[in-house]
Structures are given as structure tokens and as C-alpha cells.
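Asker: my questions are about this predicted structure, shown below with the sequence.
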Protein chains: 2
Amino acid sequence: MATIDESSLRKALSDKQSALEAQGNAVRELKSSSAATKSEIEAAIEALNALKLDKSSIERQLQALISNGEGAVNKEAFRQAVVNTLERRLFYIPSFKIYRGVAGLYDYGPPGCSVKSNILAFWRQHFVLEENMLEVDCPCVTPEVVLKASGHVEKFTDLMVKDEKTGTCYRADHLLKDFCNEKLQKDLTISSDKAAEIKHLLATLDDLSAEELGAKIKEFGIVAPDTKNPLSDPYPFNLMFQTSIGPSGSSTGYMRPETAQGIFVNFRDLYYYNGSKLPFAAAQIGQAFRNEISPRQGLLRVREFTLAEIEHFVDPEDKSHPKYSEVADLEFLMFPRQEQVSGQSAKRVRLGDTVSKGIVNNETLAYFIGRVYLFLTRLGIDKERLRFRQHLANEMAHYAADCWDAEIESSYGWIECVGIADRSAYDLRAHSEKSGVQLVAQEKYSEPKEVEKLVIAPVKKELGVAFKGSQKNVVEALEAMEEKEALEMKVTLESKGEVEFEVCTLGKTVTIKKNMVNIQKEKKKEHQRVFTPSVIEPSFGIGRIIYCLFEHAFYTRPSKAGDEQLNVFRFPPLVAPIKCTVFPLVQNQKYEEVAKFISKSLTAAGISHRIDITGTSIGKRYARTDELGVPFAITVDSTTSVTLRERDSKDQVRVDVEKAASVVKEVTEGQTTWADVWSTFPHQSSTATDD
Amino acid sequence: MATIDESSLRKALSDKQSALEAQGNAVRELKSSSAATKSEIEAAIEALNALKLDKSSIERQLQALISNGEGAVNKEAFRQAVVNTLERRLFYIPSFKIYRGVAGLYDYGPPGCSVKSNILAFWRQHFVLEENMLEVDCPCVTPEVVLKASGHVEKFTDLMVKDEKTGTCYRADHLLKDFCNEKLQKDLTISSDKAAEIKHLLATLDDLSAEELGAKIKEFGIVAPDTKNPLSDPYPFNLMFQTSIGPSGSSTGYMRPETAQGIFVNFRDLYYYNGSKLPFAAAQIGQAFRNEISPRQGLLRVREFTLAEIEHFVDPEDKSHPKYSEVADLEFLMFPRQEQVSGQSAKRVRLGDTVSKGIVNNETLAYFIGRVYLFLTRLGIDKERLRFRQHLANEMAHYAADCWDAEIESSYGWIECVGIADRSAYDLRAHSEKSGVQLVAQEKYSEPKEVEKLVIAPVKKELGVAFKGSQKNVVEALEAMEEKEALEMKVTLESKGEVEFEVCTLGKTVTIKKNMVNIQKEKKKEHQRVFTPSVIEPSFGIGRIIYCLFEHAFYTRPSKAGDEQLNVFRFPPLVAPIKCTVFPLVQNQKYEEVAKFISKSLTAAGISHRIDITGTSIGKRYARTDELGVPFAITVDSTTSVTLRERDSKDQVRVDVEKAASVVKEVTEGQTTWADVWSTFPHQSSTATDD
């Protein structure tokens, strides 16, 4: 396909429209002119029709380009097929369904719950156990003071607009985004300049202030989508669920918006528990809450969700990682800031190269990126649809050193599922300041070090004379100067004898004279270094990972008769909700006893399974179990040996009754592979039982 | 010890007091009388002193009896030792400690979190997996309508009083209870009648209405404990944390007070998922919330806690259980209603006998009692301090068929940790009514059954004439009659021609005549029976179980030098937070490499462990690891074989480096026992390394 860009198509369409109008005028003139011959008129009409055809052709090309054509339709249909299967087989259930539900709240039904607990168990194994992390478990109910310190009370908001007549609430940025996307995808008449402007707006939507968003909504004439009523100006809505702790009503609390704060406030105890040594990581799995204004995107944007978070505390002067070499050679899709800005796409690179080139800020951050990659792909996330995208400068908090999101491609587009951020010392400093408890680490020197320290000594007598009642504010401001500022002041005072100095707490500038302050560098012996550790935080949205996994694992294949499409989830045994089903081939007491014997052995081996003794055909039973993603099925068709079938290949082998449970255990727990089983046991012709 | 009861001691004390007063008067009279001789006076004083001695002796006896003497002091000291160890080793941490915490909120620190997740994993294995239960996972945020149906909005309350000046809130029953206990334990002057009255009040405290509680508080002159200010009348305070769902503020929600409701509202889908077959059980593990008025008792009464609940749905006409025989022969402490009322104590009985004698209502209930017993004792709960107590009639909800609590004895007394209730059809009926969705099961008959059915046919024409606008209410009331009432009406109408009939919705009684309604029994063929299943609900307070387990597992033993008491938690490997520690005997690169090799093997085997390479003495390191309840320790003291030590016996064996991890895995996972290990491997003299 020729690479025709949207901009030149819009230009061509606009040119063609002008030509068409001109030709239309020409035809009308010819028709009204007595001098024109019939053939002249026919030729002009023919030219007009040719122009119309050209225009339609350009419109079709443009339409195809901007709407992703069939792709969008296919994605929608695919998602519908996945979601239908998930709901029908109770992977999840809209919560409180019999009461018509609550937007943004979902239950995990039996197989979904099982997938979730398998994923969490593996998370514990892969991160907590293998890395010797300190796991904690803190309450969801959180007092206001903690979330004031963290900034959530002030900043955990979305901008909201209200339908001025009905009071219905909308997220302001979503309305603007929908309007822009609609405009770009459906309106062929906008100029390429206008299209570029709208695209720029979409890209910078997150940066808009309430005022700017409001102005855009007015400019575009956006109204309430349900009623077409006018909308209020945007205003911030705090997304935390608020409540009251205790009976007095005077103690405000919130349901935590993340689990991280519970770890930060315990830093001092955890550091001590770890033998007062850095680095160490603490971890927490638990519920978090976000009172979305109007939840969309099904399981991806919900009001209550499970987070799994790690806070890795590290010396800011040494962010190396002892196990970095174990991940440095991994290769996968990465999408650095620079390549996003220059319009490229994610590329497959060696992780270690991004560190040596300075793209990823440090080894520890890279180590976690690598571990997250291994975690997600082990779950069954398709590595071609997984990328690590670096935050752009405008996405990142001012204090963050670097930040990468593991994004998984789904029918909704690329979805942020894990955030891996170097948050520097921000969180510990914030809680130190608010609580008055120092959350710091010490490094004891093997021998005392001589250091130069800046000493700022205000001369209170002179300051008192000069500033009287404001003396205290001036003294504090002088003492609070950063080293650089103080040294500049020293230079200025020595050269000019006085300096202008801004005192924030007075809201004005004062003149400081040479005799009012002494600024000196002095040498001191220090026995230890006291510092606030940096925090590297991998934060996992478990529900989002699960939903993306559902999409990546789902496929359909024709039934044997070819008359219908059967659904399959290709879950690896690690996450499959049930590892094995056991079917007696026919309803028969002997076979049922064998099935029960195998079931008991599987229970003893800790392998989750189900017996299916319904009388339906074995083909139907396989279809039912494939749809739940069960990797293995045992059909009891004799009293001495049974048929063991693998889900995706549909290959079948014969195994002795006594061995059946242990073979399933080994292949389920990864001690052996299906290929090994296939080469060890006699094959069974699939025609006998499958479908 | 002679059995002297409290009542006779109070009587004796009161008699002695009277005698003392009489003798005191006698002495005064003698002294003021001129006739008395010195020796007469001295004799009277001697008698007075003897009486005083007697009185003190009775006081001491009474004091000892009512305060449990040393027992109470020892319990308090024991609890303090446990709690100190738990807090120091971060088993738990008061939440948000750096902000001075929030009453009733606790974090699990690393070892506590690990114990908790081990217990939950075992719960899943023991109940969900072995019984093929359907596990679900529902949100904590719950809309009001659900909790109105369940009765929590109306009835989930405690009675509260307020300090009338400061507004501080107290639980009314706690204040009264404290007052009564204080009175009984410290006031030696109250009569035995008064003591009996107070004891009766304590026993019936839970049944008191707000008015009765208020009256008692007034009668006893109870004031606010902190300020001595007067108290308000008691009024109900709802214990749910309230919040608002969505941005409009119009949709009230609560943090769920239990996980059960999430299962009930999904009954229809779960029943279908189970192939429309009964019985089946659904289960849920999750957070629940209870906004306590003023939490006490540390980890036992908290504002947020983990519940694990099972709802076993069963045909009310058949509560047998196929696996009942597996538990019927278990023997343990049971405390039926009758024996509580008659003042006996819990006795060791065979579970099966309680069913055959009709003490436990049905097999399914008994099956779960047995399974709970196995679960708790496998965790390490002392079976001598575990009893199953049946609810008294006044404790049980009116709809419940039977209810037993697994109570565990701790330093706080007997604590309810698991409730096992037959809740009949109450919950499903409540949600059916409120939601309008029928939550029922069907039993298809193999062939149609002929049944007699009552048909109530109001004659609307006649009713219209008689009652006009109220006709509809009368019709509905007639149709809603229970069978018994309708048959009585039929008899009366036939004998007297008319009957008085109360119409609730009209708030009055109307006269129904013979021509206004036809009541007939008719024979019908039915193909199925439709019914609301009964629910048997085992509900586990995980935090309470954990705390009691901490107390049961804790003991102290002298250090080898005998100069201090060392703390030990005798956790079984199943729940131990870490299964094994690995120590190089001395700081030495070769030993550290061996330690790392063993650590890698343990990680590969999925065994949680820690390496301790601090330079402290091996004795100190053992003490540290005993205090965390780590069952096994490996000391690397050569490069070919290591010392493996068991925590409680302190026995040590020598094991090859290559075998160390697999031996620990086997003994940890229960494939082998320490006794087997002890008889297989060469013994190591403990003097070499221990202490």
C-alpha cells in the first residue's frame, strides 16, 4: 500500500471540492447560455461526474485511513465474542446484577476468581519470595492526614462537568476526547490544518487546566451527550470514596486509592526489620478504590480493583542492582520518550543497551522492567503485544526520575497495566514532614569523613534593629537557603555590601546588609551519612492484566462438523482456573469409580479439577472445558488406562489409571512439558473421542 | 481446696461485719463505763481484733475467688509477653503509627502477613478445593439497596451513649458490663442477692433494649469514664462505614459488613453454573468493615478484617451430607445449649452422637463443624482450648434453625472465631422480595406428582360492591393468606356465613361474606417442585483465628546460660512465616557460597526462607529465628554437609549439602516428619552450636 498521509488526502479532497464547485458553476453557465451546444454541455457534465467520482474515491481513502476501516469493526466483534464468553461462563459478573448493578463494579465468578488467585500466587512467588521482599497487609480505611501528606486529598481529582438541567455528571476530558475523535473520524470536510490542531489537542488533553478545558468545550459547542443540554464549567471532583471513622463524625477517612501509602508510613519499622540495611523492597497486595465519575471500558476502568505494589527502597547514590545481569540480555518491545516524540513506534531492543545508552535511568529500574516482562509473558501475555513505554516529560510527576509503563495491546488499544516509576525521595519526605517522624536511612562510614559544610549564621541583633517584628521571618528565610543561593549571597555581600532578598513568609523583598549574616564553609568530621532513600515502585493493576490476558488467550476454532465456531482460552496451566477435567466416557458405575479414584489422587496432589458425569457427548464436554481454558482432560474409557487430552493441540495419549494424576501434576506444574508426555506415552487416535 | 462459694462468703463477710460493729460498740461502752475493769476492756479489745482478723481473712478469700486471683494477673502478663513479641517482630503494627494510629486498625507486618497468607492458602485447599466449592470475589463497596434487603441498614447497630459535655462516644453495653464486673470483682460489701442480680444482668446484657440499658445506666449512676460527666440516653449507631457511589452524591453505599451478601445476590447464576443442582457451596475471602464505636481487645475487635465465608445451599427437605461419615467419629469439646443453661461445662463428645441425639440439627451442619475442627487444629490451635458452643435461644436470629460457634480460649476468655449457622431460607427470600428476581431451585420429578393445592379465588364483583375503592387491598390480603388461615376461614364461612378479616394494608378489620371468596382444595399434576434452598453458613474471622493461634503457639524457655527467657512460637510448618533460615557458622566466603547454593535450591522448591549472614553468635541467631516461629534452621559449618536443627526439640542432624533443601521441603510439606528425619540422618551434638 502506498503511504498516503491523512494531511495530503484532506488537501486533495479540499482541492477536488473547489474544482467540483467551479465545474458545477461552469455547467450551470453553459446551460443558461444560448451559445452552448448540446455536446459542449454533455462534455462539461461528464467532466463534472468524473470530478464527483474522484472526490468519492478520495473520501473513501480518507475514511479508510482515519477510521481504521475493518480493523475497528473486527476489534469490536472480537471483544464482544470474548466478553460474551466471559460473562456466560461466569469469569466475571456485573456486581449486584439482580439489583441492576452498579457501574464500574464487577465480581469475579468461580473461574475468574481462580485465575485471579493463581495470578496472585504466582506474583508472590515471582516477586516476594524470589526477591525476599517484605510483604505487608494494611487496611483500606485510611485517615485523612495520610492522604493529605501523599497529596491525594488535594490532587487525586478528575475534571467534571454537569448537565445543567438534569445534574448528570461527565468527565470533561472524555467529552472533549470523544468530540475530537468523532470529528477526526467522521468529518471529511475539515481542513488538514484543523485536523492537525485537533490531533495536537488530543495529545495534550491531560495537560489542560479546568479553564482551558472549559474554553474548548465552549468553543466546540459540546453539550450533554444524553440530553443535548448545556454543560457547567469543569471543576475538580476528588476520586476517593470518603467516609467517617468512628461514631463522632469528626474524623474523615477515605478508602485508599493505592496500597503504597501503607508501606511508606511503615518505612522506619521495615528498615529496622531489614537490619537497617538498604536496598530492600516491601510489597502489598490489596483492594484500592477510585470513585470514577462515569466508568467506561468494562473491566478496564472500575471503581474497586486489586493492586499489587512493590516499593523498592534504594540509596539514591547507588541504584545498581546485584541481579541486573540476569535480565540485561532480555529483548522486547520498548518505546522510549524520544521515539514517541519523533513519531516512531516501539522497537525490539536489548534491555541492557537501554541502560548503557542512558535511556532507562538506572539498573534497578531496568531490573524491574525485565522482571515485569518475565512475569507477564509467563502468564500468557503475547510478547508481540506488550511494550514498555517511557513517560513523556509532561506525564511524569515533577519529582520522578524516570517512569515506564508496561502497556498491553487489547481491543481497546494499548492499556497501561503496570507502572514502573523511580519516584525519588518524594513520598518518604512528604510523610516525614507531615508526621514529624524522620523516615531516613544511615550509612555508617568505616572511618569518619571530613566534609565541608555550609554554615549560615544570621546576626539577630542587627536583623532585629532593621526588621523589628519581622526579624523572625527573615532569620528563618536566611537559614532555609539552599547552598547555591547562600553562596551567591555571600559573593554579592562581599562585592556590593548588600543584597535584595525575598522573604516568602512576608510576601516581600528586603535588603540584607553585610553585617546581618555570616555565611561560611566549615570543615566537620562526620561518622555517618543520613539520607532519604529513593523509591522505585512497580505497581500492578491486577484486573487490567487479567482482562488483557483473557483477550490474548481467546481464540475460536471450527467444530468437527464445521457447523459452529468453538471458543477456547489458551491459558497456560499456571493460570488456568481448573487444571484438569475428568469424564467417564459413558454413564457406568465402573467408569465413575475410576473417575472418583483419579479425582481423589488429583485432590491429594493439590491439582484443581472437576468431574463431569453429565450424559452429554464427549465432544460437547471437551468444548465446554476448552471454553474455560482447562488445559487437560482425562476421559475414562477403560478401568486400567485412560485417555489424556491436551486442549490446544487436541492430541491424546493413553496413560495408566494409577499414573494419570501424577502425569497431570507434572505437566501442570512445569516439571515436564506436553511434548515430553507426547513422546513418552502411546498415542490415541483422536477420532475415537474428540468432537 | 474446699469449695467455698461466693454467695456463702458474702454472707459470712456481712455477718462478721455486724459482729464487728456490735463488738466495737461493746468496747466503746466498756471504756465509757466506770464499772469496767482494765482486764475486761482488754479482753473486749482482743475479741474485736480477732473479729477484724477473721473479717480480713474472709475478704481475702472472697477477693481471691472473684478476681480469679493469680490467674488474672498471669493471663495479663502472658498476653503482654505475646503482644510485645508480636509488635517487636512486626507480626503486626498499629496502622498509621507515625500519625499516632487509628483505634481498631492494624497492619500485618512481614511475618504476620506471611502467616495470614499461609492460613488463607490452607483454607482454600481444605474447603474450596477439597469440596469443589465455587469461589467468588465481590467488591467491598456495596449499594444501599442490597444492605436494606439483608437487614443491615436497619439492624447492624450498637447502642451508644455520649458524654454530654465532650461528645465522646461509648458503647452503652460495654460501660454497663465494665461497671458490673468492677462491682463484682472489687466491691466486697455487696450482698449475695445483689451479686446474683448483677450476674444475671451480665448474662442478659445482649437482650436489653435501649430503654432498659438507659434505665440501668441511670440506676447505677454510671458516668463517662474519662471525664465523670453525665451520659446521654443510649441510641443505636449503625456500624457500617457509609460512603457515596459516583459523583452525584445521590447514591448511598456502604463498605460491606460481611462477604456473604455478594454470594446471595449471585445465587441464580451460581446455581446455573453448577448445572442447576443442589447442594453446592460458594465461598468468598475478603475484607469486611465494622465502624466500631470504641474498639478494645487489640486484634480481636477491629474496624477492618478479613472474613472467609462459605454459603452451602441445600434442599431444606434433605440436609444429609455424602461425606458426613468422614467426620462422624471425631471427638472434641462441644457445649450444647442445654448444658450451658444447666450450668455445666463443655464436654468431649463424639460428633456423630450429637446428630443422632438431635442436638446438632442436621448432618450438613455437623459435617462443617467437623471440618472446622480439623481446619483449626491443623493450624496449631490447641484442641483442649477449642470448643463448639451452641447458640442459646436468645442469641439466635428468629429464622435460624441452629447455630454453633467455634470458640477458642485466649487470655481474653473464650473468643468466637468461626460461626456455623443454618440460616434456613432467610437470605435468599429477602433478596428475592427486594429485587423481584426469584432466587429458587427446582427439583424435577421423574414422573408428574398429583398434589393437593389450595386455591383462593376472591369474587371480585361482590368484593367491589362491598368495599369499592378498597377492593384491591382486600383481594390481595385474601390471596396472601397462609394455608392454615384460609382453611379456618373456609370452615367459618361454611358454618357462620361470614368472618371478620384483618386487612393490614387498610389497617382495619372487614367482614367477609360467604359469596365473596371461594376456597377450595384442588388436585393438580406437578412436574417439579420449586423451593428456596436453605443456607448453611460457616463464617471465619481470620484475624481472630490468627491472634488466638499466636497465643496458643507462644511459649518461653530459659537460655542455655539460664540468664534470660527466650520466646518461641511453635507454629506448624504449614503456617510458619518462614520455613527455614540458613546461617553460615562463621563469616567466610566458602560457607556463604554454600548458604547461597542452599538458598537457591530452597527457592526453586518454593520454600520461603532467609539467609542470616550477620556476625552474631549462632545461639543468638537461633533465638531470633525461634521468636519468628521458623521451624528449621540450617547452619553451614562445612562445605559438604550442614547441621539441620528443629525448633522445639532443638535436635540437630547432619545432612549433605545437596540434600538439605529437599529434606526441608519434605518435612515442611508433610511428606515426612521430623521423627523420620531424626531416625534417618546422623545426630549432631547440640552443644557444638546451639545457644
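Answerer: Noted; the coordinates are in hand. Residues are numbered from 1 along each chain as shown, chains lettered A, B, ... in the order given.

Asker: helices and strands around the helix or strand hosting A:D158, which ones?
Answerer: A:D158 is part of strand A:157-162 when elements are defined by DSSP states H and E. Strand A:157-162 is packed against strand A:169-171, helix A:172-186, helix A:210-220, strand A:235-238, with contacts defined by 3 or more CB pairs under 8 Å, 6 or more residues apart in numbering or on different chains; DSSP states H and E. In short, each C-beta sits where N, CA and C put it, glycine included.

Asker: quick one: which of the ones you listed is nearest chain B?
Answerer: Counting by CB to the nearest CB, chain B lies closest to strand A:169-171 out of those; the figure is 4.3 Å.

Asker: pairing partners for that closest one, with directions?
Answerer: Using DSSP bridges, strand A:169-171 pairs in its sheet with strand A:157-162 (antiparallel).

Asker: which residues does A:V535 contact?
Answerer: Counting by CB atoms under 8 Å, 6 or more residues apart in numbering or on different chains, A:V535 makes contact with A:F264, A:E311, A:H312, A:F313, A:V314, A:D422, A:R423, A:S424, A:A425, A:Y426, A:D427, A:L428.

Asker: show only the entries of these found in helices.
Answerer: A:F264, A:Y426, A:D427, A:L428 (DSSP state H).

Asker: the last one against A:P533, yeah?
Answerer: Right, the one you point to is A:L428. Yes. Under the criterion of CB atoms under 8 Å, A:L428 lies in contact with A:P533, with a separation of 6.5 Å.

Asker: can you check which residues contact both of the two?
Answerer: A:F267, A:V440.

Asker: now A:V327. Its backbone dihedrals?
Answerer: phi -120, psi -10 (degrees, to the nearest 10).

Asker: for the closest residue in space to it that isn't next to it in sequence, give me its contacts.
Answerer: Closest residue in space to A:V327, ignoring its immediate chain neighbours: A:G370 at 2.8 Å, by CB to CB, 6 or more residues apart in numbering or on different chains. A:G370 makes contacts with A:E326, A:V327, A:A328, A:L330, A:L351, as judged by CB under 8 Å, 6+ apart.

Asker: in stretch A:380-394, what counts as buried?
Answerer: For stretch A:380-394, the neighbour count (16 or more other CB atoms under 10 Å in any protein chain shown) marks A:G380, A:I381, A:L386, A:R387, A:F388, A:R389, A:Q390, A:H391 as buried.

Asker: what is the neighbour count of the residue lying closest to A:P295 once chain neighbours are set aside?
Answerer: Nearest non-adjacent residue to A:P295, counting by CB to CB, 6+ apart: A:G104, 3.2 Å away. The local packing of A:G104 (other CB atoms under 10 Å in any protein chain shown) involves 26 other residues.

Asker: in which helix or strand would I find A:G104?
Answerer: Using DSSP H and E, A:G104 is not contained in any helix or strand.

Asker: Provide a list of residues in contact with it.
Answerer: Going by CB under 8 Å, 6+ apart, A:G104 touches A:E292, A:P295, A:R301, A:V302, A:R303, A:E304.

Asker: still on that earlier bit, so which residues make contact with the strand holding A:D158?
Answerer: A:168-173, A:175, A:210, A:213, A:217, A:231-239, A:292-293, B:247.

Asker: pLDDT of it, averaged?
Answerer: Model confidence over strand A:157-162, given as mean pLDDT, is 93.

Asker: relative orientation of it and helix A:210-220 in degrees?
Answerer: Strand A:157-162 and helix A:210-220 are oriented at 40 degrees to each other (axes from the mean of the first three to the mean of the last three CA atoms, to 10 degrees).

Asker: related to what we said a few turns ago, which pair in the ones in helices among the contacts of A:V535 spans the largest distance?
Answerer: Maximum pairwise distance among the ones in helices among the contacts of A:V535 (CB to CB): 9.8 Å, between A:F264 and A:Y426.

Asker: which one's more surrounded, the two?
Answerer: Set side by side, A:F264 and A:Y426 show more neighbours around A:F264, with 25 against 19, by other CB under 10 Å.

Asker: gap between A:D563 and B:A195?
Answerer: According to CB to CB, to the nearest Å, A:D563 stands 84 Å off from B:A195.

Asker: more crowded one of those two?
Answerer: More crowded of A:D563 and B:A195, by other CB under 10 Å: B:A195, with 18 against 7.

Asker: in terms of secondary structure, what does the host helix or strand of the more buried one contact?
Answerer: Remark: B:A195 resides in helix B:192-203, with elements defined by DSSP H and E. Helix B:192-203 is packed against helix B:6-32, helix B:172-186, with contacts defined by 3+ CB pairs under 8 Å, 6+ apart.

Asker: highest average neighbour count across these?
Answerer: Mean neighbour count, computed with mean count of other CB atoms under 10 Å in any protein chain shown, is highest for helix B:172-186 among the helices and strands packed on helix B:192-203, reaching a mean of 17.

Asker: that one vs helix B:210-220, what angle?
Answerer: Going by the same axes, to 10 degrees, helix B:172-186 makes 40 degrees with helix B:210-220.

Asker: need the residues that contact helix B:172-186.
Answerer: Residues outside helix B:172-186 that contact it (CB under 8 Å, 6+ apart): B:66-67, B:158-161, B:190, B:195, B:198-199, B:201-202, B:205-206, B:208, B:210, B:213-214, B:216-217, B:220, B:222, B:225, B:231, B:234, B:294, B:296.

Asker: what's the ChimeraX line that selects buried ones from these?
Answerer: In ChimeraX, this line selects whichever of those come out buried by 16+ other CB under 10 Å:
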select /B:66,158,159,160,161,190,195,198,201,205,208,210,213,214,216,217,222,231,234,294
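
Asker: in the stretch 451-600 of chain A, what residue comes closest to chain B?
Answerer: The nearest approach of the stretch 451-600 of chain A to chain B comes at A:S599, 9.1 Å away (CB to the nearest CB).

Asker: sec struct for that residue, please.
Answerer: Using DSSP: H, G, I helix; E, B strand; the rest coil, the structure places A:S599 in helix.

Asker: A:T142 now?
Answerer: strand.

Asker: and it, what's its pLDDT?
Answerer: Note for A:T142: predicted pLDDT of 97.

Asker: hmm, it is touching A:Q261, no?
Answerer: Yes. Counting by CB under 8 Å, A:T142 touches A:Q261, with 6.8 Å between them.

Asker: tell me the contacts of A:I634?
Answerer: A:I634 sits next to A:580-583, A:595, A:598, A:642-645, A:655, A:660, A:664 when contact means CB under 8 Å, 6+ apart.

Asker: and it, what helix or strand is that in?
Answerer: Using DSSP H and E, A:I634 falls in strand A:632-636.

Asker: partners of that strand, with directions?
Answerer: strand A:580-584 (parallel), strand A:641-646 (antiparallel).

Asker: how about the ones you listed in TSV, adding mean pLDDT and distance to B:D637?
Answerer: Converted to TSV, the strands paired with strand A:632-636 look like this (pLDDT from 0 to 100; distance: least, CB to CB, whole Å):
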stretch	mean pLDDT	distance to B:D637
strand A:580-584	94	45
strand A:641-646	95	47
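
Asker: so which of the ones you listed gets nearest A:L48?
Answerer: Ranking these by proximity to A:L48 (CB to CB) places strand A:641-646 first, at 65.0 Å.

Asker: return the distance of the closest one from the chain's centre.
Answerer: For strand A:641-646, the separation from the chain centroid amounts to 40 Å (computed by CA atoms, centre = their mean, to the nearest Å).

Asker: after that strand, heading C-terminal, what element do we hit next?
Answerer: Counting by DSSP H and E, the next helix or strand C-terminal to strand A:641-646 is strand A:652-656.

Asker: mind exporting that next one as CSV, just the C-alpha atoms?
Answerer: C-alpha atoms of strand A:652-656 as CSV (Å, rounded to 0.1, in the frame of the first residue of the first chain):
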residue,chain,number,x,y,z
GLN,A,652,-4.4,-37.5,23.1
VAL,A,653,-2.3,-40.2,24.8
ARG,A,654,-3.1,-43.3,26.9
VAL,A,655,-2.0,-43.3,30.5
ASP,A,656,-2.4,-45.9,33.2
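
Asker: fine by me, thanks again.
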